[in-house]
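Asks: below: sequence and its predicted model.
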Protein chains: 2
Amino acid sequence: MVILTVDLGGTRIRTARYTPDGRMEKRIAVPTPSAEGPETVLERIRETVRAVWPEGDTPVAALSISAPGPVDAHRGVVRFTPNISRWKDVPLRDLMADTFGVPTFVANDANLAALGEFRFGAGRGVRDLVYLTISTGIGGGIIIDGRLFEGGQGLGGEVGHMVIEPHGPPCGCGGYGCLEAVASGTAIAREARAAVARGEASLLARWKDHPEEITARTVAEAAAQGDELSRQILARAGAYIGLALVSLMYLLNPALFVLGGSVVKAGDLLLEPLRQTVRERVQPVYWENTPIVQAALGDDVVLLGALALALERLQIP
Amino acid sequence: MVILTVDLGGTRIRTARYTPDGRMEKRIAVPTPSAEGPETVLERIRETVRAVWPEGDTPVAALSISAPGPVDAHRGVVRFTPNISRWKDVPLRDLMADTFGVPTFVANDANLAALGEFRFGAGRGVRDLVYLTISTGIGGGIIIDGRLFEGGQGLGGEVGHMVIEPHGPPCGCGGYGCLEAVASGTAIAREARAAVARGEASLLARWKDHPEEITARTVAEAAAQGDELSRQILARAGAYIGLALVSLMYLLNPALFVLGGSVVKAGDLLLEPLRQTVRERVQPVYWENTPIVQAALGDDVVLLGALALALERLQIP
């Protein structure tokens, strides 16, 4: 028995075949024809699934798909995708189940990453965790009592849109001061570019005439070289993420926080201000028993999460 | 079969006997000897339970107790109580189970109010809701898939300590800018007293020399009479509660919000700014299907919630 998993992204479709114990047997990656509309993308997904379909009579227990946007988890419908054009209310689960005739599951990519870390990564051994992925945007997922929590109406776990700074900068969601708007890689780059434009002293000033060269990564690199401005910008982002964790501790009181995504690779320059915010603001009974750790899985976290979702739904232990 | 429920409060202990369908057969209320230490309070609770114990051979299926402070729900331990002296880590569940020899359950009062509204009040018919009670402080409770959510470590549901205004006023919890610190009755009174002390024009200015007379209730009364300052203060509190609901919609995506507590009785002067904040900041797919309603139950909401907890735990439908 094998399980097929698809990581539909804005630039690539990655599709893999797994055994239930998490061993990858085959993987394929193709560009996402994002500009060409849903039908072309759907057909490309089907091609990748056929490419990893097992030969012979090995049964396919499930097809499990990650989508890059809000998913109505109860109906398997992708509400919209920020980076693939004209995807709106696409019934991805039913379309693929019709094609392949196997149990099909669809969930949001960050939710699946949470499930991947829970089952195969940093969250092994706990029953409740909150996962945040901090890169261009901020997503996340909530595991409650060993299961992916998807919200009463199937759209929960969007930690990136918690309001952190009520009068803060506008967010892509239409709101203001969301976690994503103040602490994502995009927000870090925005703050750094603005500081350089104001003429603040920094290693980043070398890109004053090419601000597009300043990214969260260059900020982290400058911070690692001791650049004070870059350190302050990372520290502020860390403190904002810490504020989100304060609220999440009081609301959900999880056993563990797992932080993933490229921005977290900045390490303690981000994480120490984060932890300090938590310690300063939360009663010890809440934070003393709640470690905040970095994600353990790499690029395949979403594929492994899709595998974990299928195992959960098929009740395979 | 009957179920006995206790509402331990800072000023009163209220204890009742219920049939499983929610009919109250007997109720007693006595003052809480809050200043006299845990042993005296525990003995007073026992006396009230004996007073409502059924005569004859009617079986007592459970004893279900509400505590006014954080409860470690997994162990039935009251961590501390803000208004009863020297309560710290009191194993209330085991102490009462030892005395009475019946299944005993203990939970936080606001969590139980959530469960009461879910089973007997405004939340009948949904499976997922978030309840907030806004009075002197702000508490709440989360119902997920028909059950009280208590957090991975048993201390969740504390909506009053979500961070709303990072640089806001200090909160009793030790943090800053918690929902309770910016939108509770205490916060409303504080803002009104400060405005009057600054000399702002208001009906409330009559209490300039007796600011302790200014409470959330007098602010609501003045607002109802058209007082502009009072309206602004209520509107700001409403908008802050709205910010909490924004984050809760994205995180938990519940089917319903239920708002209880004395401050909510101000009605639309509080609730319209609240709803406007939600509509302005949240994507329609999140708020269009999520009504925000007032609580339906009155003073007995916590007793009914304790009954609901017992029914849930005993798996009585």
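Replies: That came in fine, so what should we check first? Residues are numbered from 1 along each chain as shown, chains lettered A, B, ... in the order given.
Asks: in chain A, what residue spans correspond to helices?
Replies: A:38-52, A:92-100, A:109-120, A:179-183, A:185-197, A:216-224, A:228-252, A:268-281, A:284-287, A:301-313 (DSSP state H).
Asks: would you turn those helices into TSV with distance to chain B?
Replies: Quick note: C-beta positions are derived from backbone N, CA and C, even for glycine. Listed next are the helices of chain A as TSV, based on distance: least, CB to the nearest CB, whole Å:
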stretch	distance to chain B
helix A:38-52	18
helix A:92-100	16
helix A:109-120	12
helix A:179-183	9
helix A:185-197	15
helix A:216-224	21
helix A:228-252	4
helix A:268-281	4
helix A:284-287	6
helix A:301-313	15
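Asks: leaving out chain neighbours, which residue sits closest to the residue nearest the centre of chain A?
Replies: Taking CA atoms, centre = their mean, the centroid of chain A lies closest to residue A:110, which sits 3.2 Å from it. Of all residues not flanking residue A:110 in the chain, residue A:139 sits nearest, at 2.8 Å (CB to CB, 6 or more residues apart in numbering or on different chains).
Asks: domain parsing for chain A?
Replies: Here the domain assignment for chain A is A:2-115+A:299-313, A:124-294, based on automatic domain parsing.
Asks: adding mean pLDDT, write those out as a markdown table.
Replies: Listed next are the domains of chain A as a markdown table, based on pLDDT from 0 to 100:
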| stretch | mean pLDDT |
| --- | --- |
| domain A:2-115+A:299-313 | 94 |
| domain A:124-294 | 96 |
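Asks: okay, those domains in a markdown table with distance to residue B:168 next?
Replies: Converted to a markdown table, the domains of chain A look like this (distance: least, CB to CB, whole Å):
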| stretch | distance to residue B:168 |
| --- | --- |
| domain A:2-115+A:299-313 | 29 |
| domain A:124-294 | 9 |
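Asks: closest one to residue B:115 among the ones you listed?
Replies: Closest to residue B:115 of the domains of chain A is domain A:124-294 (CB to CB; 15.4 Å).
Asks: so how far is that closest one off the chain centroid?
Replies: Computed by CA atoms, centre = their mean, to the nearest Å, the separation of domain A:124-294 from the middle of its chain amounts to 12 Å.
Asks: start and end of that domain, how far apart?
Replies: Criterion CA to CA, to the nearest Å; first-to-last residue distance in domain A:124-294 is 13 Å.
Asks: show the contacting residues for the residue of the stretch 1-150 of chain A found nearest chain B.
Replies: For the stretch 1-150 of chain A, the residue closest to chain B is residue A:128, as judged by CB to the nearest CB, at 2.7 Å. Applying CB atoms under 8 Å, 6 or more residues apart in numbering or on different chains, we find residue A:128 in contact with A:143, A:144, A:145, A:252, A:253, A:254, A:255, A:256, B:151, B:152, B:153.
Asks: report the buried members of those residues.
Replies: The neighbour-count criterion (16 or more other CB atoms under 10 Å in any protein chain shown) marks A:143, A:144, A:252, A:253, A:254, A:255, A:256, B:151, B:152, B:153 among the contacts of residue A:128 as buried.
Asks: tell me the one of these nearest residue B:238?
Replies: residue A:252 (25.0 Å).
Asks: the closest one touches residue A:130, doesn't it?
Replies: Yes. Between residue A:252 and residue A:130 there is a contact under CB atoms under 8 Å: 6.2 Å.
Asks: give the residues shared as contacts by these two.
Replies: Common neighbours of residue A:252 and residue A:130 are listed as residue A:142 (criterion: CB under 8 Å, 6+ apart).
Asks: return the residues in contact with the nearest residue to residue A:10 once chain neighbours are set aside.
Replies: Using CB to CB, 6+ apart and skipping the chain neighbours, the partner closest in space to residue A:10 is residue A:83 (2.9 Å). Residues counted as contacts of residue A:83 (CB under 8 Å, 6+ apart) are A:9, A:10, A:11, A:34, A:68.
Asks: residue A:126 now?
Replies: Neighbours of residue A:126 in contact, by CB under 8 Å, 6+ apart: A:118, A:254, A:255, A:256, B:152.
Asks: over to residue A:53?
Replies: Under the criterion of CB under 8 Å, 6+ apart, the contact list for residue A:53 reads A:4, A:17, A:60.
Asks: one more time with 7 Å, if that's ok
Replies: Residues near residue A:53 by CB atoms under 7 Å, 6 or more residues apart in numbering or on different chains: residue A:60.
Asks: residue A:31 too?
Replies: A:11, A:12.
Asks: same question for the one 3 residues further on.
Replies: Residues touching residue A:34, when contacts are defined by CB under 7 Å, 6+ apart, comprise A:10, A:83, A:84, A:85.
Asks: what's the separation between residue A:15 and residue A:9?
Replies: 11 Å (CB to CB, to the nearest Å).
Asks: and these two? Which one has more around it.
Replies: Neighbour comparison, residue A:15 and residue A:9: the larger count goes to residue A:15, with 28 against 20 (by other CB atoms under 10 Å in any protein chain shown).
Asks: beta-bridge partners for the more buried one, please?
Replies: residue A:6, residue A:28 (DSSP bridges).
Asks: pretty sure it is touching residue A:49, no?
Replies: Yes. Residue A:15 is within contact range of residue A:49, at 6.0 Å (criterion: CB atoms under 7 Å).
Asks: common neighbours of the two, please.
Replies: Shared contacts of residue A:15 and residue A:49, counting by CB under 7 Å, 6+ apart, come down to A:4, A:6.
Asks: give me the neighbour count for residue A:272.
Replies: Here the number of neighbours of residue A:272 (other CB under 10 Å) works out to 15.
Asks: same question, residue A:317
Replies: Number of residues near residue A:317 (other CB under 10 Å) recorded here: 5.
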